[in-house]
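[1] Fold the following.
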Amino acid sequence: MAVQLTINSQSMRVTDQKSLFDYAESANVQVPTSCRKQGKCRECMVEVTAGGELLSTRTDAESHLPENFRLSCCTNITADEGVVACHTMRRGEMKVETGGMGDSQLASDCELKPTVTVREGFVYIDDDQICEVGNGIYGLAMDLGTTTCVLRLYDLTTGTLVATNSFENPQRFGGSEVMARIQYDCDHKGRLLQRTLLGYMTHAIEAFDVAGTDIYELVVAGNSTMRDLFFGLSVETIGQKPYHSLTQIEMAQGDRTSTVVTTTAHKLRLPLNKQARIYGMPLISGHVGADAAACLLAIGLDKEKNNVCLMDIGTNTELVLGNKDKILAASCPAGPAFEGGAIECGMPGLEGAIERVTLTNDTVEIGVIGDVEATGICGSGLIDLMGQLIKLEKVDEYGRYLNDQDAFMLDEKKNIYLHEKDINELAQAKGANVAGLRIILKNFGIEMDDIDTFYLAGGFGRHLSLEASKQIGLIPDLPDERIEKIGNASVEGASIALLNSDQRQTLETMVKTIDHVELETDPAFFDHFVFGCQFIRVSSGDPAGDMTC
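    Numbers count the residues shown, from 1 in each chain. Modelled structure (predicted):
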């Protein structure tokens with residue numbers, strides 16, 4: 001008799017009752033740890049997806065973890081037969097958007113003027129002498145997302161992109177969206193979310209073919225919560241009205257001149273040069289964070305004469321509207337539906353996720369990440385499917401099926417379907433985005449047709465079908481030539497800030513001029529939200545009525 005154990009897609013038959021950490025090591029699966037199996041660092045988490053009843057009971061060291069998460073060093077297999085499956089917080093097969101701005105990399109085109117330089121054989125950060133130069137000077141740009149993290153390594157002497165690494169944000173044991181993570185961080189002491197992330201970052205940095213001692217700066221872009229968690233700041237104030245970071249509060253009180261956060265690699269125990277500077281990009285306001293600010297560098301908003309709108313769709317959608325003379329920003333609490341959360345058969349953009357759907361009245365064709373059998377549907381597939389269900393009149397504008405059924409079967413063999421309850425989750429996520437867009441346009445004093453360029457930022461936006469997105473009203477019904485997918489513009493902006501100190505200063509000045517629109521204070525917010533819940537095309541002149549969602 002034996003237990004069939006699968007860790008990160010590595011399968012083995014085991015007969016000894018050892019820990020999951022030991023089995024992971026034997027399968028060459030890297031599990032982050034700082035305490036080497038003592039149960040103290042709390043970094044070696046795994047998510048158990050099958051066979052939890054075959055494992056040892058929870059220890060006190062695991063009391064901070066939700067039900068399906070375990071510390072691998074504290075968890076032994078206790079049965080003689082059965083099936084156990086688990087994976088680390090880093091699912092390497094996840095589809096992560098690492099590129100930005102189409103096929104070009106704007107960071108590679110910007111003037112090279114880093115804060116890290118070499119003078120007479122010594123490395124300087126600004127005017128501070130750090131050490132003798134080693135085998136080069138390098139810097140990192142990071143997009144720290146709620147779901148995924150992207151790192152770019154640059155040669156600061158040439159501006160060349162040397163390598164890119166990405167991984168799933170391991171903090172998801174604390175919840176899938178920012179408010180859940182804020183609550184988790186407030187309820188659990190010891191900066192567990194920060195420590196877990198830094199542990200995974202350490203492995204990502206060590207995977208680069210460059211000595212960490214030759215890396216002298218890391219520029220971090222992320223939403224307000226992710227950025228502050230990274231630096232070990234309290235995020236409690238971001239979770240309650242008026243949703244301000246401590247840095248924003250301190251700036252309003254005159255205790256600081258910017259929301260920028262800096263520290264050293266030594267203080268965060270990252271495997272870089274000990275004196276390397278860690279630079280957290282400035283926030284805009286509230287939940288409109290440093291990731292949105294980084295996007296503004298990527299699109300060159302400080303030089304833009306036309307009216308442009310940027311939408312970065314996610315669990316918390318950021319909206320920016322404006323030009324070089326006037327900028328408004330807002331955040332829309334969309335929830336996890338766009339990333340497969342709260343959907344019965346939903347999943348992130350992992351191998352096995354349906355990402356493309358083509359329907360006729362008689363056939364269903366699906367495109368699956370990794371060209372394997374489908375195991376669920378991710379956000380882009382969800383939008384694709386809804387667009388075609390609406391187009392074929394199988395679902396009405398309120399998200400109700402027109403055939404007296406309550407679900408559409410997408411893959412009968414794998415039992416993958418879209419239920420009316422899932423459509424309602426999508427409607428509410430979409431409704432928040434549409435409400436935000438309509439309110440910010442009203443405050444700016446223009447209509448949707450006055451938008452010259454509509455930027456779709458982020459990995460989710462890069463993989464959306466424009467026609468399906470317009471069909472269901474997720475984005476404005478503008479001509480395709482006025483809509484530009486720009487991918488991970490956040491890491492692009494972070495790269496520009498790394499490579500050009502003048503651009504960094506430009507951004508720090510620009511964010512102070514942006515007016516933050518608090519959507520929930522608009523007296524017509526609910527009307528706009530209800531309108532946005534409908535699956536109809538959104539264009540200028542569409543009135544927000546008394547429709548029900």
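[2] can you give me the helices for the stretch 51-200 of the chain?
    Under the criterion DSSP state H, counting those that start in this stretch, helices of the stretch 51-200 of the chain are mapped to 106-109, 178-187, 192-206.
[3] closest one to residue 14 among the ones you listed?
    Evaluated with Cβ to Cβ, the helices of the stretch 51-200 of the chain place helix 192-206 nearest to residue 14, the distance being 24.8 Å. (Glycine included, C-beta is placed from N, CA and C.)
[4] Can you point out the buried residues in that closest one?
    192-202, 204-205 (16 or more other Cβ atoms under 10 Å).
[5] ok, back up a step: Throw the helices of the stretch 51-200 of the chain into a markdown table and include mean pLDDT and distance to residue 420, thanks.
    Formatted as a markdown table, the helices of the stretch 51-200 of the chain follow (pLDDT from 0 to 100; distance: least, Cβ to Cβ, whole Å):
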| stretch | mean pLDDT | distance to residue 420 |
| --- | --- | --- |
| helix 106-109 | 60 | 43 |
| helix 178-187 | 94 | 25 |
| helix 192-206 | 92 | 35 |
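[6] Distance of residue 306 relative to residue 475?
    Using Cβ to Cβ, to the nearest Å, residue 306 is found at 18 Å from residue 475.
[7] Counting neighbours, go ahead and name the busier of those two.
    Legend: neighbour count by other Cβ atoms under 10 Å for residue 306 and residue 475, higher for residue 475 (27 against 10).
[8] Give the burial count for the closest residue to the more buried one other than its chain neighbours, as a bare number.
    Nearest residue to residue 475, sequence neighbours excluded (Cβ to Cβ, 6 or more residues apart in numbering): residue 469, at 4.6 Å. Counted by other Cβ under 10 Å, the residues lying close to residue 469 total 23.
[9] Wait, residue 3 touches residue 78, no?
    No. Using Cβ atoms under 8 Å, residue 3 makes no contact with residue 78, being 9.5 Å away.
[10] Just list what the lengthiest helix in the chain packs against, helices and strands only.
    With secondary structure taken from DSSP state H, the chain has its longest helix at helix 420-444. Where contact means 3 or more Cβ pairs under 8 Å, 6 or more residues apart in numbering; DSSP states H and E, helix 420-444 is packed against strand 308-312, strand 317-322, strand 327-332, helix 379-391, helix 525-533.
[11] could these be laid out in a markdown table, adding distance to residue 245, mean neighbour count and mean pLDDT?
    Converted to a markdown table, those look like this (distance: least, Cβ to Cβ, whole Å; neighbours: other Cβ atoms under 10 Å; pLDDT from 0 to 100):
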| stretch | distance to residue 245 | mean neighbour count | mean pLDDT |
| --- | --- | --- | --- |
| strand 308-312 | 18 | 25 | 96 |
| strand 317-322 | 15 | 24 | 95 |
| strand 327-332 | 13 | 24 | 94 |
| helix 379-391 | 27 | 25 | 94 |
| helix 525-533 | 23 | 21 | 94 |
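[12] Residue nearest the middle of the protein, spatially speaking?
    residue 145 (3.1 Å; Cα atoms, centre = their mean).
[13] Name the nearest residue to that one, ignoring sequence neighbours.
    Nearest non-adjacent residue to residue 145, counting by Cβ to Cβ, 6+ apart: residue 169, 6.3 Å away.
[14] go on, residue 330?
    residue 517 (4.3 Å).
[15] Make sure that neighbour is actually in contact with residue 329.
    Yes. Using Cβ under 8 Å, residue 517 is in contact with residue 329, at 6.9 Å.
[16] what touches both of the two?
    residue 440 (Cβ atoms under 8 Å, 6 or more residues apart in numbering).
[17] doesn't residue 88 make contact with residue 8?
    Yes. Using Cβ under 8 Å, residue 8 is in contact with residue 88, at 5.9 Å.
[18] Need the overlap of contacts for the two.
    With Cβ under 8 Å, 6+ apart, residue 8 and residue 88 have common neighbours 24, 29.
[19] For those two, work out which one has more neighbours and name it.
    residue 88 (23 against 20).
[20] Okay, the more buried one and residue 200: tell me how far apart.
    Look at residue 88 and residue 200: by Cβ to Cβ, they are 9 Å apart.
[21] Now the common contact residues for those two.
    Taking Cβ under 8 Å, 6+ apart as the contact rule, residue 88 and residue 200 both touch 32, 170.
[22] dump the residue contacts of the residue nearest to residue 475.
    Shown in contact with residue 469 (Cβ under 8 Å, 6+ apart): 383, 387, 475.
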